[in-house]
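**Q** the following comprises the amino acid sequence and a computationally predicted model.
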Amino acid sequence: MTESESNKQPRIPPMTLALGVVLGLGCAVLPLIPEPYRIHNFAAYGAVGLFVAGRMGLFPGLILCLVPKFLGDLFNYVAHSYDLNYFPLWSAIICFAVYPIVGSVLVRRTQNPLRIVGGAVSASVLFFLVSNFGAWLEQAMTYEYTLAGLLECYKQGLPFYRGTFFGDLGFTAGLFAAHRVLSRYYFHAESGSVIRVENRR
């Protein structure tokens, strides 16, 4: 790629935006699939937030992570006959902001696989800690307001976290790999800023 080509980085990278929108909205409709045919908590909301923030910035990452998550929860609420136990909770949705924040800090315009994996793991663990701390404060289940109660809350959350963790790793790897391949062979302008930043390190 020539210097002139690398300087043509689009203000709104269409391929990056398309990947985030398609996967984010695809994840939003997952609750419409019957539960026996999907893995519990295996979704791409966090990966989309991490990826989009890493390639476009924090604000787009927040939008393309939190909006699909809200829609997914809303679809889940409708799919369960408007049971209030499934009504979207803003406190739970906001916890997903961890992913774009980490993406904008740790994986901003990098192609380093170790940094990307490290960012995905860090964001996933932070999400687990923050979301379960919130569940403990809100007493989603009855836990004592003690250290033992908090640790019990984390312990009870581990089985639900398994799908989240592997979903975060799998979808993050897929998104960044797809971006690398597509930007190299088809969307050359979108790799410009990434290359320039990597070359300065």
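**A** Good, I have the coordinates.
**Q** using PDB, list the CA coordinates for the host helix or strand of I94.
**A** I94 is part of helix 90-94, with elements assigned from DSSP states H and E. Output of helix 90-94 as PDB, limited to C-alpha atoms (Å, rounded to 0.1, in the frame of the first residue of the first chain):
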ATOM      1  CA  TRP A  90     -30.600  -0.700  32.300                       C
ATOM      2  CA  SER A  91     -28.100  -1.600  35.100                       C
ATOM      3  CA  ALA A  92     -27.300  -4.900  33.400                       C
ATOM      4  CA  ILE A  93     -27.100  -3.300  29.900                       C
ATOM      5  CA  ILE A  94     -24.800  -0.500  31.100                       C
END
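**Q** just the mean pLDDT for the helix or strand following that helix, thanks.
**A** Next in sequence after helix 90-94, counting helices and strands by DSSP H and E, comes helix 98-106. The average pLDDT within helix 98-106 is 95.
**Q** please point out which parts of helix 98-106 sit buried.
**A** For helix 98-106, burial by neighbour count (16 or more other CB atoms under 10 Å) applies to V98, Y99, P100, I101, V102, G103, S104, L106. C-beta coordinates here come from the backbone N, C-alpha and C atoms, glycine included.
**Q** hang on, the first one packs against S122?
**A** No. With contact defined as CB atoms under 8 Å, V98 and S122 do not form a contacting pair (9.0 Å).
**Q** just give the nearest non-adjacent residue to C153, would you?
**A** Nearest residue to C153, sequence neighbours excluded (CB to CB, 6 or more residues apart in numbering): W136, at 4.2 Å.
**Q** for that neighbour, give its distance to V125.
**A** 17 Å (CB to CB, to the nearest Å).
**Q** A140: neighbour count?
**A** A140 is flanked by 16 other residues according to other CB atoms under 10 Å.
**Q** what pLDDT is listed against it?
**A** 72.
**Q** kindly report the same for I12.
**A** Per the predicted model, pLDDT is 74 at I12.
**Q** and if you look at G54?
**A** Looking at G54, its pLDDT reads 93.
**Q** leaving out sequence neighbours, find the closest residue to it.
**A** G54 sits nearest to V107 (CB to CB, 6+ apart), 3.8 Å away.
**Q** using the three-state scheme, assign the residue positioned nearest the centre of the chain.
**A** What sits nearest the mean C-alpha location of the chain, by CA atoms, centre = their mean, is G46, with 1.3 Å. Assigned by DSSP: H, G, I helix; E, B strand; the rest coil, the conformation of G46 is helix.
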